[in-house]
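**Q** I would like the atomic coordinates for the input below:
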Amino acid sequence: MKRLSTLLIAMVIMALVACEEETPVNRPTSAKMRSSMEDDVWMNQHTVISGFGHTGSRCSKIDTTNRFSYGPCQTFKNIDSTFLPTRVNINFWTLFKKTGITTNLVISIDNNGKNIFWAGLDLKDQVKKADEWTNINAAYTLPADIKPDDRISIYVWNPNNNIAFVDDFDVEFQK
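**A** Modelled structure (predicted):
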């Protein structure tokens, strides 16, 4: 009899466990990329100079020789393999040697070498003082049809012969 009651209790416990709802897996809703000035997922590292920067002693210098700043460049699957983002938030610091110059924050997405999305933000009106670091924030909604193998590049573009500096990129991809 004792054996039978032990067996019944064990069966009841197994039935209860089998009927429990599965706990949903907590999946990330964002992924961040921060510049370290040394990561290989960041492009245009040849623009990084020493001895000057917003934080630390290094930053990216754009001028007549280097028109594209240091910035993140990565496929979406390598940023986070658990989701494709719908939005990107970008924060960085810039310093212009003079105000009123045409310089753009660019976000570009390529699929197999073909550009499928490009957006630029003119920074001319956001930088009010020369020789002073200015914090820039921008947010973009990404195309709904991006694929894991698509490559996103984020950088500052100097279409003229101006001198500007870029530092402390902080990029957040949101689900």
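**Q** Going by neighbour count, which residues of stretch 93-112 are buried?
**A** 93-96, 101, 103, 105-110 (16 or more other C-beta atoms under 10 Å). Placement of C-beta: from N, CA and C, glycine included.
**Q** go on, stretch 111-130?
**A** Under the neighbour-count criterion of 16+ other C-beta under 10 Å, stretch 111-130 has 117, 121, 123, 126-127 buried.
**Q** Out of these, which is nearest to Ser153?
**A** Within the buried residues of stretch 111-130, the smallest distance to Ser153 is 10.5 Å, found for Phe117 (C-beta to C-beta).
**Q** Am I right that the closest one is in contact with Leu142?
**A** Yes. Counting by C-beta atoms under 8 Å, Leu142 is a contact partner of Phe117 at 7.3 Å.
**Q** Just checking: the least confident one among the buried residues of stretch 93-112 is which?
**A** pLDDT across the buried residues of stretch 93-112 is lowest for Ile101, at 90.
**Q** quick one, what contacts it?
**A** For Ile101, the contact set (C-beta atoms under 8 Å, 6 or more residues apart in numbering) comprises 124, 160, 162, 164.
**Q** any chance of the residues you listed in JSON lines, plus secondary structure?
**A** Formatted as JSON lines, the contacts of Ile101 follow (DSSP: H, G, I helix; E, B strand; the rest coil):
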{"residue": "Lys124", "secondary structure": "coil"}
{"residue": "Asn160", "secondary structure": "coil"}
{"residue": "Asn162", "secondary structure": "coil"}
{"residue": "Ala164", "secondary structure": "strand"}
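**Q** are any of these buried, and which?
**A** By 16+ other C-beta under 10 Å, the contacts of Ile101 give 162, 164 as buried.
**Q** Name the helix or strand for Lys128, please.
**A** When elements are assigned from DSSP states H and E, Lys128 belongs to no helix and no strand.
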